[in-house]
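Engineer: Model the following, please.
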Amino acid sequence: MSKAKNLVIGFKEGSLSFGLCISTLVNSFLLLIVYLLGIAPTSLIAKLFGKSFLKKKPGKEKTYWKSLDQKDYESTSRLYKQF
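Structural biologist: Now for the predicted structure:
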């Protein structure tokens, strides 16, 4: 009975190790494919057309925060009990 139990435990540990190795390889391959087919071409096309996905470029400003004036927005009283 002990040999059979050791065999089953060894098979379980081996299959877990094999599954971990296979999943690492498959995930790495899938991420590489997604990058090569999706992200890299988008980046190259954006650079060719001069598109920047960031709203601001680094400049001489001390901060990128925008001031918030409440008078520019609607009255918040109508939002008080909306639900």
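Engineer: I'd like the distance between the most centrally placed residue in the chain and Ser17.
Structural biologist: With distances taken as CA atoms, centre = their mean, Leu31 lies nearest the centre of the chain, 11.2 Å away. Per CB to CB, to the nearest Å, Leu31 is found 22 Å from Ser17. C-betas here are computed from N, CA, C, even on glycine.
Engineer: which stretches of the chain have low pLDDT?
Structural biologist: 1, 55-58, 64, 66-79 (pLDDT under 70).
Engineer: all helices of it, in order?
Structural biologist: With DSSP state H as the criterion, the chain has helices at 2-34, 40-49.
Engineer: re the thing from before, mind checking how far the residue nearest to the centre of the chain is from Trp65?
Structural biologist: As for Leu31, its distance to Trp65 is 35 Å (criterion: CB to CB).
Engineer: can you check Lys81 too?
Structural biologist: 30 Å.
Engineer: can you check Leu44 too?
Structural biologist: From Leu44 across to Trp65, the span is 33 Å (CB to CB).
Engineer: of the two, who's got more company?
Structural biologist: Neighbours around Leu44 and Trp65, counted as other CB atoms under 10 Å, are more numerous at Leu44. The numbers are 10 against 7.
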